[in-house]
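**Q** Any chance you can model this:
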Amino acid sequence: MRPWPLLLLIAALPATVQAQDRAWWDTLPAPQRAARPFTRQALLVPMRDGVRLAVDLYLPEGADIDHPVATMLHQTRYRRGLQFRDPAREAAAGPSFGLMTFLQAGYAVVIVDVRGTGASFGWRPVEFSPDEVRDGWDVLEWITAQPWSDGTAGATGISYPGTTAELIGTVGHPALKAVAPLFSIYDFYPDVIRPGGIFLEPFFQAWAGLVSQMDANRFDQPGGPVTGVRPVDGPDGERLLAEAVAEHAGNASIHPQAAPVLTRDDRSPDGISLDAISPHSRYDTLSRRIPIYSYGGWADGFSGSQIKRFLAQPAPGSRLIMGPWNHGGGWAYYPGRDPVRSQFKQNEELLRFFDHHVRGMVTGIETEPAIWYFTTGSDAWTSAERWPVATTRRRLHLQADGRLTGDSLSPGPARQLPTLATFRTNRVLGTGQQSRWNTILGGGAVRYRSRLAPEPNGDGWTAFESAVLEEALTITGHPVLTLVSVHADTTPTVFVYLEEVDSLGRGHLITEGQLALVHRAVSEAPPWYPTPEAYHSYRPEVRRPLLEWTGSGYLATSTIEFLPVSHRFGKGSRIRLVVAGSDADHFELPATDDHVTIGSWGSTLDLPVE
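**A** Modelled structure (predicted):
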C-alpha cells in the first residue's frame with residue numbers, strides 16, 4: 001500500500017555501482033519528442049447510489065468526438081492530485097503516478113479519489129469495500145459516455161491503486177481491455193496482514209495513521225508548498241471539499257480491524273471478512289477474461305503476490321516481471337552493495353503492454369515470452385514461458401557444527417534429538433529500518449546491514465553455513481526450510497534469512513521468510529490458487545499450539561517458505577541460513593520469550609537451482 005511519495009523523506013544514498021536493471025529492449029537512446037499540450041478538468045462524477053467521486057480528467061490536445069482516444073484509469077486512496085500554494089505551479093501540474101507517459105502518448109488519463117478519500121464524498125467501512133469496487137463500473141460507464149472516448153480503457157497503479165486496478169477487472173466491464181497491478185497485494189492475509197501468520201504490527205499502525213490524516217485533509221505541513229488535496233473546479237470547489245472531508249469522519253481504521261484477525265476465517269470486530277475483500281477470493285471472476293501484467297520486485301514485501309497472481313490468472317496475454325526492485329520500483333537492491341536508482345523504464349514497459357492490448361498496436365511485447373525476471377549476482381534479465389523455472393532442488397542438511405552440507409543424518413527418536421544449536425529470542429532484534437517491510441510504506445530504498453556469524457548460543461539467532469562454493473550457483477524461486485525444533489513456548493514464531501557470505505565473513509541478505517508455528521500444518525486441502533510450494537491454509541481448524549513435550553520443550557516440525565528470489569551465489573562465496581525468533585522492527589512480538597533448540601536430523605534447506 002504505497003502512499004504519496006512524500007510520506008518518507010529518503011536521504012541521498014551513496015552508489016558504488018551503476019544499476020544494471022536496464023530493460024532487455026532498451027538498447028537505443030530515447031527519441032526526443034516535443035511535449036504534447038493537454039487540458040485538465042477536476043469534477044465530481046455521481047455513482048449509482050448518489051455518492052460523488054472527485055475525478056481529474058486529463059485530455060491530450062485534439063481529443064474530441066471526431067478524434068476519440070483510449071483512456072488510462074487510475075483509482076487511488078492517496079489523493080488524486082495536490083493543491084499547490086503557488087498558482088503557477090498549480091496551473092501547470094500534470095498527472096502524477098507515472099501517468100504523464102500515457103497522456104503524452106495520446107491517452108486520456110482519468111484519476112479518481114476512491115470513495116471516502118481525497119475530495120470524494122462517502123465514507124469507508126473497510127478498504128476495498130464492495131461499493132468501492134462497484135464504483136469502478138460506474139466510472140467506466142462515465143468514461144465511455146464521453147464524446148472524447150473511443151470506448152476502450154486500461155487500468156494501472158502501484159500498491160493500493162494497483163489493487164483497485166486488479167479489482168476493477170472483476171466487474172466485467174467490456175471497455176476494460178487490460179490491467180497492470182504493480183507491486184500490489186494478491187492475498188491479503190499472508191501477503192500483508194500476517195505474513196507467515198504473524199501480524200505486521202508497525203506497518204498497520206503507521207499506515208492507518210497516515211491515511212487517517214489524508215482523509216481529514218490534514219496531511220501536509222502548514223505553510224508548506226502543498227495546502228491539501230485538490231478541490232474540484234469552480235467557485236464551489238472549496239465548499240464541496242469541506243463537505244466531502246466531513247463525510248470521511250465515518251471512515252473505519254484498518255489497524256483495529258486487522259489486529260484481531262488470527263486466521264483467514266476470522267472477522268474484524270465490526271464483522272467484516274478481510275479475506276472476502278481480497279483479490280485472491282475473486283480470481284474466478286477475473287481469470288481468463290483480460291490480460292493482467294503482474295509486476296513486482298524481489299526486494300518488495302509483496303514480492304510473492306505477483307507470482308501468485310500470475311499463476312492464478314492465466315488469461316492470454318498475461319505477463320509476469322520480477323526485477324531487483326523495492327516497493328514501487330524506484331530503487332534497485334543488489335545484495336552487498338549500496339542501493340541505486342533503477343534504470344528500468346517502467347512507464348515505457350507499461351505503454352508497450354497497454355498499446356498492444358488496448359489500442360491493438362504492434363509493440364513487440366506480443367512476441368516476447370510471458371515471463372521476465374532479473375537475477376542479482378549475475379545482474380541479468382532472463383525470460384521464461386512458465387513458472388516455476390528452477391529445474392532441480394538442491395537439499396542441504398543442517399549440521400551440529402553450524403554447517404550446511406549435502407550429507408544427511410540418520411533419523412533418531414524424536415524425543416532424543418541431539419542438539420544442533422540453541423538460542424533465546426531477543427525482543428529487540430530486527431532487520432532495521434530500510435528493509436522490504438519499510439519500503440511498502442513510502443517506497444524507500446532497501447538496505448540491510450551485513451551480518452557476521454554469531455557466537456555459539458548467540459543472542460537471538462543462530463546460523464548455518466555451507467562450504468566455499470567451488471562454482472557459482474543460481475537459485476530462482478522459493479527456497480524452503482524444513483525445521484525440526486524444540487521450544488519453551490507453545491506459540492513461538494520463527495524468522496529465517498538466506499544470505500550470501502563474502503570472503504570477509506559478511507552475510508548479505510538474499511531473501512527471508514517467517515512462520516507462526518501455530519500455523520505449521522501444511523494443508524492437504526486444495527489451495528485457493530495454484531501455489532508452487534507448501535500451502536499453509538491459515539484456517540482456524542489447523543491453528544494449534546505445540547503440544548508434544550520432549551522433556552526439554554515442545555517439539556515442532558515446520559515447513560517455512562522463503563519469499564521468492566533469483567540470485568547467483570558467486571564462486572568462492574558461502575550460503576548462510578540464519579534462524580531467529582523475532583523481528584521486533586516489523587512484526588508483532590511473541591507473547592513470551594522462547595528458548596529454541598534445533599534438532600540434528602530432519603532439518604533441511606531446499607534450494608531451487610537453475
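**Q** Identify the residues contacting the helix or strand harbouring Val484?
**A** Taking DSSP states H and E as the criterion, Val484 maps to strand 480-487. Outside of strand 480-487, the residues that reach it under the criterion Cβ atoms under 8 Å, 6 or more residues apart in numbering are 417, 494, 496, 513, 517, 533-534, 546, 550, 552-562, 577, 579, 594-599, 601-606. Yep, even glycine has a C-beta here, placed from its N, CA and C like the rest.
**Q** same thing with stretch 368-384?
**A** For stretch 368-384, the external contacting residues (Cβ under 8 Å, 6+ apart) are 20-21, 23-24, 298, 310, 318-324, 333-335, 385-387, 389, 472, 474, 476, 500, 510, 565-570.
**Q** can you tell me which of those are in strands?
**A** 319-323, 474, 476, 500, 510, 565-569 (DSSP state E).
**Q** Closest one to Arg451 out of the residues you listed, please.
**A** When those are compared for distance to Arg451 (Cβ to Cβ), Glu500 wins out at 10.9 Å.
**Q** Might one say that that closest one is in contact with Arg576?
**A** Yes. With contact defined as Cβ atoms under 8 Å, Glu500 reaches Arg576; the gap is 7.4 Å.
**Q** Now do the shared contacts for these two.
**A** What both Glu500 and Arg576 touch, as defined by Cβ under 8 Å, 6+ apart, is the set Gly507.
**Q** one step back: hmm, which of the contacts of strand 480-487 are the buried ones?
**A** 417, 494, 496, 513, 517, 533, 546, 550, 553-562, 577, 579, 594-599, 601-606 (16 or more other Cβ atoms under 10 Å).
**Q** residue boundaries of the helices in the stretch 251-400 of the chain?
**A** Counting by DSSP state H, counting those that start in this stretch, the stretch 251-400 of the chain has helices at residues 254-258, 283-286, 303-312, 346-357.
**Q** er, the stretch 451-600 of the chain I mean
**A** With DSSP H, counting those that start in this stretch as the criterion, the stretch 451-600 of the chain has no helices.
**Q** just for this protein, where's the confidence low?
**A** Low-confidence segments of the chain (pLDDT under 70): 1-19, 285-288, 408-419, 455-458, 600.
**Q** Which strand or helix spans Glu247?
**A** Counting by DSSP H and E, the element that carries Glu247 is helix 237-247.
**Q** Just the CA trace of that helix, in CSV.
**A** Below are the C-alpha coordinates for helix 237-247, written out as CSV (Å, rounded to 0.1, in the frame of the first residue of the first chain):
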residue,chain,number,x,y,z
GLY,A,237,-14.8,23.8,-5.0
GLU,A,238,-13.6,24.6,-1.5
ARG,A,239,-17.1,24.3,0.0
LEU,A,240,-17.6,20.9,-1.7
LEU,A,241,-14.2,19.7,-0.4
ALA,A,242,-15.1,20.7,3.1
GLU,A,243,-18.4,18.8,2.8
ALA,A,244,-16.7,15.7,1.4
VAL,A,245,-14.0,15.7,4.1
ALA,A,246,-16.6,15.9,6.8
GLU,A,247,-18.1,12.7,5.5
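**Q** sorry, back to before: so can I have CSV of the helices of the stretch 251-400 of the chain showing distance to Pro590 and mean neighbour count?
**A** Output for those, formatted as CSV (distance: least, Cβ to Cβ, whole Å; neighbours: other Cβ atoms under 10 Å):
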stretch, distance to Pro590, mean neighbour count
helix 254-258, 18, 20
helix 283-286, 33, 16
helix 303-312, 23, 24
helix 346-357, 39, 21
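**Q** For Ala453, give me phi and psi.
**A** Phi and psi for Ala453, reported as degrees, to the nearest 10, are phi -60, psi 140.
**Q** pretty sure it contacts Leu504?
**A** No. Ala453 is beyond contact range of Leu504, at 11.3 Å (criterion: Cβ under 8 Å).
**Q** and Gly223, which of the three is it?
**A** State at Gly223, reduced to three classes by DSSP: H, G, I helix; E, B strand; the rest coil: coil.
**Q** And it, how far from Arg85?
**A** Plainly put, Gly223 is 9 Å away from Arg85 if you go by Cβ to Cβ, to the nearest Å.
**Q** These two - which one has more neighbours?
**A** Taking other Cβ atoms under 10 Å, Gly223 and Arg85 do not tie; Arg85 has more neighbours (12 against 7).
**Q** sorry, back to before: quick one, which of the contacts of stretch 368-384 are buried?
**A** 20-21, 23, 298, 310, 318-324, 333-335, 387, 389, 474, 476, 500, 510, 565-570.
**Q** so what's the nearest residue to Arg449 once chain neighbours are set aside up against?
**A** Among residues not flanking Arg449 along the chain, Gly432 sits closest, at 5.7 Å (Cβ to Cβ, 6 or more residues apart in numbering). Gly432 is in contact with Asn438, Arg447, Tyr448, Arg449, Asp585, counting by Cβ under 8 Å, 6+ apart.
**Q** any idea which of those is the one closest to Ser294?
**A** Distances from Ser294 to the contacts of Gly432, taken by Cβ to Cβ, are shortest for Asn438, at 22.8 Å.
**Q** How many residues are close by that closest one?
**A** Other residues within reach of Asn438, judged by other Cβ under 10 Å, total 25.
**Q** now His280
**A** There are 20 residues near His280, going by other Cβ under 10 Å.
**Q** give me every residue that touches it.
**A** His280 touches Tyr186, Asp187, Phe188, Lys308, Ala312, Trp528, Tyr529, counting by Cβ under 8 Å, 6+ apart.
**Q** and the first one, what is it in contact with?
**A** Residues in contact with Tyr186 (Cβ under 8 Å, 6+ apart) are Glu166, Ser278, Pro279, His280, Phe302, Ser305, Gln306, Lys308, Arg309, Ala312.
**Q** how does it look with 6 Å?
**A** Pro279, His280, Ser305, Lys308, Arg309 (Cβ atoms under 6 Å, 6 or more residues apart in numbering).
**Q** For it, give its distance to Leu563.
**A** In terms of Cβ to Cβ, Tyr186 sits 13 Å off from Leu563.
**Q** Go ahead and confirm Pro60 touches Phe38.
**A** Yes. Look at Pro60 against Phe38 with Cβ atoms under 6 Å: they come within range, at 5.4 Å.
**Q** intersection of neighbour lists for these two?
**A** Residues within reach of Pro60 and of Phe38 at once, by Cβ under 6 Å, 6+ apart, are Leu103.
**Q** Show me the chain divided up by domain.
**A** When the chain is parsed with automatic domain parsing, its domains come out as 37-384, 392-609.
**Q** what would the ones you listed look like in CSV with distance to Pro31?
**A** Listed next are the domains of the chain as CSV, based on distance: least, Cβ to Cβ, whole Å:
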stretch, distance to Pro31
domain 37-384, 11
domain 392-609, 28
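**Q** closest one to Leu28 among these?
**A** Short answer: domain 37-384, nearest of these by Cβ to Cβ, at 11.7 Å.
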